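K.L.:
let's see this in three dimensions:
(one chain, ligands or ions: 1)
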Amino acid sequence: MQKKFYITTPIYYPSAKLHIGHAYCTTMADVIARYHREKGDDTYFLTGTDEHGEKIQKNAEKQNKSPKQFVDEIVENIQKLWKTLRISNDDYIRTTDLRHEKVVQQVFSMMLEKGDIYLGEYKGWYCTPCESFWTDTQVQCEDHLCPDCGRPCHQDKEEAYFFKMSKYSSRLLDFYNTHPDFIYPESRKNEMIKNFLEPGLEDLCVSRTSFTWGIPVKENPKHVVYVWLDALLNYISALGYLSDDDSLFKKFWSDDTYILHLVGNDITRFHVIYWPIFLMSLGLRIPDKVFVHGLLMMKDEKMSKSKGNVVDPYPLIERYGLDAVRYYLVRETHFGSDGSFTPIQFIERINVDLANDFGNLLNRTGGMINKYFDGVIPEYKGCLNSLDLELESVGKLSIKKYFEHFDKLEVTEAIESVFEYISKANKYIEESKPWALAKDETKHEELASCMNHLATVLRQAAIMLKVVLLDSSEKLFEQLNISKDKQGFDTLNNFELIGGEKLNPLVPLFPRLKVDEELAYIKSIMENK
Ligand code: ME8
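P.N.:
Numbers count the residues shown, from 1 in each chain. From the prediction side, this is the model:
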């Protein structure tokens, strides 16, 4: 039976231009979504923007713009960036969409009616950039620094609505116990239990009166709904929850759908504590997994819009091509751990993996098929020697590992296993010595088998890599003249499939970069920040 798969990214704040860290998260989600579509799963992929809140209102004021005008301009750029990165999202939710605002108001009313939200007074330490109130024990040292971002908080007081978190904390712990895979990595779960659940969950302030750029509470419009309650609901409002047409909601927020939220570790708490509790209050199912990916750092500091230490993905894409940037993002940082952006690693990744290993395998193979077989891939004749046999067994293992890793969201390892196969194929050329076989009439069959095997490795590698390398995989199929029906996951384990194809002209997929020149270029775009 076809499986259903729903994947989301965080909805980003359009408070400034997005950087390569956001591109990282969205690209990872895109790669996972493409993998599931390719497997035949009924897949829905959502991204969007979180457009309300004091920070946005203030940024807009600074530029003499209305908040809506301000966010519209940034959102246009964000959508352009996703288009450039060929992100395959099925929908784009904006929290300023009427469809979303209606849901937030209705949910607030339902929670009020149920008694989960009540009116009270809030006193506490407020961090404006994070839009969070903190208690005396949460703020750090006498300077009252925000535990999330480390910036100073100020004391504030306001009439506010609260959500009764405490009512649900033991249910949440039970949920964690019965769903051990809910939070990845495990260490994040322990951190949440220790820091927030064990000390006792405090009721959460879910409305604000100190600014107006938000969704008004219907029952008391001087209050706007707290951005996090507003934002988290995007995951269901985009599917049409509580709307006239809730068919997508019924389809993808169902028990038989695998629901995955991809988030950075700066927003774990909201997704693994508040979000499941809001869903419990609404009587809705809780997602299968919150996958907490690492953050990209710059010189040991988190890359962030507010610090301004960011890398803009556009100049990289323009100069090195989309595939190189996508590949770097997916491969360099182990998925689930923090990483850092350094120009040298960026160049090395392209040179070593894409130009030397993958690109070169295509050049060498294509060149030899042209030279020895007039550009026609020889037919498959089985394994004629131990080298063929060994290559096929590495291939089978690589394909198996690719699926096993991808299904466990070990995306880095999945891609690594493809490159192990590519390296093996390069080694196979050295060991088979086709140039020597070509000189010996009696070895013609072996030479043909060698070329067929190499073309098959390229076909299989391009299939596995096409979730990342969008153009280059296409180009490879084009150059080897591999027909569409031989480009699917279902054909991966078939080693006999090709033979007889006449190659098209060969063009290098990834020209080798000159390290010094490119280092200077990347440094120059980083300094422009
Ligand atoms: O937190 N490296 O929005 P946001 C990797 N609106 N990923 C990074 C990153 C970095 N240096 N910096 C940001 C918000 N990200 C809320 C989310 S969801 C209901 C509301 C990615 O614009 C990462 O996924 O600050 C992080 O969690 C997210 O962007 C935060 O984006």
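
K.L.:
pull out the buried positions in the strand or helix carrying residue 118.
P.N.:
Secondary structure assigned from DSSP states H and E places residue 118 in strand 117-127. Going by neighbour count (16 or more other Cβ atoms under 10 Å), the buried part of strand 117-127 is 117, 122, 124, 125, 126, 127. From N, CA and C alone the C-beta is placed, and that goes for glycine too.

K.L.:
so which of those residues comes closest to the ligand?
P.N.:
Nearest to the ligand among the buried residues of strand 117-127: residue 127, at 13.4 Å, using Cβ to the nearest ligand atom.

K.L.:
residue 148 is in contact with the closest one, correct?
P.N.:
Yes. Applying Cβ atoms under 8 Å, one finds residue 127 in contact with residue 148, separated by 7.0 Å.

K.L.:
domains for this protein, by residue range?
P.N.:
Domain ranges of the chain: 4-310, 343-491, per automatic domain parsing.

K.L.:
what's the distance between the shortest one and the middle of its chain?
P.N.:
Right, the one you point to is domain 343-491. 27 Å (Cα atoms, centre = their mean, to the nearest Å).

K.L.:
check contacts around the residue of the stretch 301-450 of the chain found nearest the ligand.
P.N.:
Taking Cβ to the nearest ligand atom as the measure, the stretch 301-450 of the chain has residue 303 as its residue closest to the ligand, at 3.7 Å. Listed by Cβ atoms under 8 Å, 6 or more residues apart in numbering, the contact partners of residue 303 are 19, 20, 21, 295, 296, 297, 309, 310, 311, 341.

K.L.:
again, only using 10 Å
P.N.:
By Cβ atoms under 10 Å, 6 or more residues apart in numbering, the contact list for residue 303 reads 19-22, 24, 295-297, 309-311, 340-341.

K.L.:
lowest pLDDT pick from those?
P.N.:
Among the contacts of residue 303, residue 309 carries the lowest pLDDT, at 75.

K.L.:
quick check, it in contact with residue 20.
P.N.:
No. Residue 309 is not in contact with residue 20 according to Cβ atoms under 10 Å; the separation is 11.2 Å.

K.L.:
anything in contact with each of these two?
P.N.:
298, 303, 341.

K.L.:
among those, which are in strands?
P.N.:
With DSSP state E as the criterion, strands contain residue 298 from among the shared contacts of residue 309 and residue 20.

K.L.:
give me every residue in this protein lying close to the ligand.
P.N.:
The chain has residues 10-13, 21-22, 24-25, 50, 231-232, 234, 263-264, 266-267, 295-296, 302-304 near the ligand, with proximity defined as Cβ under 6 Å from any ligand atom.

K.L.:
pull up the pairing partners for the lowest-mean-pLDDT helix or strand in the chain, direction included.
P.N.:
Of all helical and strand segments in the chain, the minimum by mean pLDDT, DSSP states H and E falls on strand 301-302, at a mean of 73. Using DSSP bridges, the strands paired with strand 301-302 in its sheet are strand 296-298 (antiparallel).

K.L.:
gap between the partner strand and the chain center?
P.N.:
That offset, for strand 296-298, works out to 16 Å (Cα atoms, centre = their mean).

K.L.:
over to the closest residue to residue 60 other than its chain neighbours: give its phi and psi.
P.N.:
Nearest non-adjacent residue to residue 60, counting by Cβ to Cβ, 6 or more residues apart in numbering: residue 70, 3.6 Å away. When read as degrees, to the nearest 10, the backbone of residue 70 gives phi -60, psi -50.

K.L.:
what does residue 493 give?
P.N.:
Phi and psi for residue 493, reported as degrees, to the nearest 10, are phi -80, psi 10.

K.L.:
where does pLDDT dip in this structure?
P.N.:
Low-confidence segments of the chain, defined by pLDDT under 70: 1-2, 300, 305-306, 308, 528-529.

K.L.:
residues contacting the spatially closest residue to residue 4 that is not a sequence neighbour?
P.N.:
Excluding its sequence neighbours, the residue lying closest to residue 4 (Cβ to Cβ, 6+ apart) is residue 257, at 3.9 Å. Going by Cβ under 10 Å, 6+ apart, residue 257 touches 3, 4, 5, 6, 41, 42, 43, 44, 251, 285, 287, 288.

K.L.:
CSV for those, including secondary structure and neighbour count?
P.N.:
Output for the contacts of residue 257, formatted as CSV (DSSP: H, G, I helix; E, B strand; the rest coil; neighbours: other Cβ atoms under 10 Å):
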residue, secondary structure, neighbour count
3, coil, 13
4, strand, 17
5, strand, 22
6, strand, 26
41, coil, 16
42, strand, 14
43, strand, 24
44, strand, 23
251, helix, 16
285, coil, 14
287, coil, 22
288, coil, 16
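
K.L.:
which among those residues gets closest to the ligand?
P.N.:
Of all these, residue 287 has the smallest distance to the ligand: 12.1 Å, by Cβ to the nearest ligand atom.

K.L.:
what separates the closest one from residue 236, distance-wise?
P.N.:
Distance of residue 287 to residue 236, given as Cβ to Cβ, to the nearest Å: 10 Å.

K.L.:
overlap in contacts of the two?
P.N.:
Jointly contacting residue 287 and residue 236 under the rule Cβ under 10 Å, 6+ apart are 253, 279.

K.L.:
which single residue of the stretch 1-150 of the chain ends up nearest the ligand?
P.N.:
Here the stretch 1-150 of the chain gets closest to the ligand at one residue, residue 21, 2.3 Å apart by Cβ to the nearest ligand atom.

K.L.:
so what's residue 313 up against?
P.N.:
Taking Cβ under 10 Å, 6+ apart, we find residue 313 in contact with 18-24, 27, 81, 84-85, 322, 325-326, 329.

K.L.:
now the buried members of these.
P.N.:
Taking 16+ other Cβ under 10 Å as the criterion, what is buried in the contacts of residue 313 is 18-24, 27, 81, 85, 322, 325-326, 329.

K.L.:
keep only those of those residues that are in helices.
P.N.:
Judged by DSSP state H, those include 20, 21, 22, 23, 24, 27, 81, 322, 325, 326, 329 as members of helices.

K.L.:
tell me the SS of the nearest residue to residue 324 once chain neighbours are set aside?
P.N.:
With Cβ to Cβ, 6+ apart as the criterion, residue 324 has its nearest non-adjacent residue at 5.0 Å, and that residue is residue 350. With DSSP: H, G, I helix; E, B strand; the rest coil as the basis, residue 350 sits in helix.

K.L.:
report all helices and strands that the strand holding residue 118 contacts.
P.N.:
If contacts are counted by 3 or more Cβ pairs under 10 Å, 6 or more residues apart in numbering; DSSP states H and E, strand 117-127 sits against helix 98-114, strand 132-134, strand 154-163, strand 204-205, strand 207-208.
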